[in-house]
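A.B. asks: dropping a prediction and its sequence here:
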Amino acid sequence: MNSNSFQQRLLGLQDNLLNFAYMLTSNREEAKDLLQDTTLKALDNEEKYIDNINFKGWVFTIMRNIFINNYRRIVRNQTIVDQTEDLYHLNLPQESGFNTPEGSFTVKEITKAINSFTDEYKVPFSMHIAGFKYHEIAEKMELPLGTVKSRIFFARQRLQEMLKDYK
């Protein structure tokens, strides 16, 4: 594929990618940032694209992976191990890696909401967020693929309902 048609195809997907980014982030500015990161990464890795592979799927996978890696980074930055004798540091405000207090509150609420699920929903949903594919989750949990997909779908719906006030 020549470089011109690669760029044209990428530009043609920008609206679809922005919608997907917004679905992932639920925030216009974060969605625009994710779109920009995805576009740059796709352009940087143009030589890795094989022409007979689904272009749209390839670019959407890049976006999904960037989103997952950013999510993991946020969670990792929020993990604090307090080794003081009286757990003094647990009562201090923590640097969350977010620019606003609302941002860190939202991640805490998301984590709390996910942890409130029963294991039959929490485990497949957490694995999905961590980047496992549906068929990998089905194999590890020894469940039919359709069951895994529906549990993740219902967990996502429940999470959206629980957190609707935080948008």
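C.D. replies: In hand now; what should we look at?
A.B. asks: Y134 against V148, yeah?
C.D. replies: Yes - if you go by C-beta atoms under 8 Å, Y134 and V148 touch, sitting 5.5 Å apart. Bear in mind the C-beta positions are built from the backbone N, C-alpha and C, glycine included.
A.B. asks: same drill for the two, tell me which one is more crowded.
C.D. replies: Under the neighbour definition other C-beta atoms under 10 Å, Y134 and V148 were set side by side, and V148 has more, 25 against 15.
A.B. asks: quick one: contacts for that one?
C.D. replies: Neighbouring residues of V148 by C-beta atoms under 8 Å, 6 or more residues apart in numbering: 124, 134, 137-138, 141.
A.B. asks: mean confidence score for the strand or helix carrying it?
C.D. replies: Under DSSP states H and E, the secondary-structure element containing V148 is helix 145-162. Mean pLDDT, computed over helix 145-162, is 88.
A.B. asks: start the count at 346 instead of 1 going forward.
C.D. replies: Yes, from this point I'll number from 346; that puts the last item at helix 490-507.
A.B. asks: from the chain's centroid, how far away is that helix?
C.D. replies: In this view, helix 490-507 has its centroid 15 Å away from the chain centroid, taken as C-alpha atoms, centre = their mean, to the nearest Å.
A.B. asks: check which residues of it are buried.
C.D. replies: 493-494, 496-497, 500, 503-504, 507 (16 or more other C-beta atoms under 10 Å).
A.B. asks: distance-wise, check P489 relative to P469.
C.D. replies: As defined by C-beta to C-beta, to the nearest Å, P489 lies at a distance of 12 Å from P469.
A.B. asks: ok, the two, which is more surrounded?
C.D. replies: Taking neighbours as other C-beta under 10 Å, P489 and P469 compare with P469 leading, 25 against 10.
A.B. asks: contacting residues for the more buried one?
C.D. replies: Contacts for P469 were tallied using C-beta under 8 Å, 6+ apart; they are 482, 486, 488, 493, 496-497, 500.
A.B. asks: A500 now?
C.D. replies: Taking C-beta under 8 Å, 6+ apart, one finds 459, 462, 466-467, 469-470 in contact with A500.
A.B. asks: tell me where the longest helix sits in this structure.
C.D. replies: Longest among the helix segments of the chain by residue count, using DSSP state H, is helix 400-423.
A.B. asks: same for that one, what does it pack against?
C.D. replies: Other elements packing on helix 400-423 under the criterion 3 or more C-beta pairs under 8 Å, 6 or more residues apart in numbering; DSSP states H and E are helix 359-370, helix 373-389, helix 446-460.
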